[in-house]
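K.L.:
sharing a model prediction with you, sequence too.
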Amino acid sequence: MAYWLVKSEPDAFSWEQQVLNRIEPWTGVRNHMAKNNLKAMAKGDRAFFYHSNIGKEIVGIVEVVRTAYPDPSIEPGEKGDWVCVDMKALRPFKTPVTLAALKADPAFADLPLIRMSRLSVSPVSDAHWHAICALGGTKP
DNA sequence: GCCAACGTTGGC
DNA sequence: GCCAACGTTGGC
């Protein structure tokens, strides 16, 4: 099983909405690196749900329940083979893990979230996954 | 609101 | 195909 991190501005789509809807398509990715990460996701993979801009913290865990398929949010005339996946809310963090906390710990210096702050879908290593779950007060 | 990082566009 | 200009993202 692989691990990932997905970012959303809570103004547009928040963890609370994800929990309410339970299963939700992760649409709107318009970056090739992020798209490739979406395509690499397998059913059962887990991802951290990160709130950008407002909060700037990881708030929960989602599970991939449907692998990449064409993004229905593509506008007519829009170019590109953009895809989305379906995510299911799994469990919240007991304690949200803030960007500041991750930045303060050298163990996370090579986390893509920190190294490439604009990438909206990024991989997370096993070691980072377990460490961040521990900080969040939840089981991996 | 500002600015750095980075992707995209368009002139040459 | 290079590179400057511009737009967008996201932290501060």
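P.N.:
Perfect, I can see it now.

K.L.:
going by C-alpha atoms from here, please, whenever you check contacts or count neighbours.
P.N.:
Will do.

K.L.:
pairing partners for the lengthiest strand in chain A, with directions?
P.N.:
What stands out as the longest strand in chain A, according to DSSP state E, is strand A:83-98. Strand A:83-98 has these partner strands in its sheet, going by DSSP bridges: strand A:23-26 (antiparallel), strand A:57-70 (antiparallel).

K.L.:
element containing the residue of chain A most remote from its centre, please.
P.N.:
The C-alpha centroid of chain A is most remote from residue A:77, which lies 27.6 Å away (C-alpha atoms, centre = their mean). Residue A:77 belongs to no helix or strand when assigned by DSSP states H and E.

K.L.:
and it, what's its pLDDT?
P.N.:
Looking at residue A:77, its pLDDT reads 74.

K.L.:
what's the longest helix anywhere in chain A packed up against?
P.N.:
Ordering each helix of chain A by length in residues (DSSP state H) puts helix A:126-136 first. With contacts taken as 3 or more C-alpha pairs under 8 Å, 6 or more residues apart in numbering; DSSP states H and E, helix A:126-136 sits against strand A:83-98.

K.L.:
what residues of the strand it packs on count as buried?
P.N.:
Across strand A:83-98, burial judged by 16 or more other C-alpha atoms under 10 Å covers A:83-90, A:92-93, A:95-98.

K.L.:
and of the residues you listed, the nearest to residue A:47?
P.N.:
Taking C-alpha to C-alpha as the measure, residue A:47 sits nearest to residue A:87 out of those, at 8.7 Å.

K.L.:
can you give me the neighbour number for residue A:61?
P.N.:
Per other C-alpha atoms under 10 Å, the neighbour tally for residue A:61 reads 24.

K.L.:
once you drop chain neighbours, what's closest to it?
P.N.:
Spatial nearest neighbour of residue A:61, excluding adjacent residues (C-alpha to C-alpha, 6 or more residues apart in numbering): residue A:48 at 4.7 Å.

K.L.:
any idea whether the one you found is helix, strand or coil?
P.N.:
strand (DSSP: H, G, I helix; E, B strand; the rest coil).
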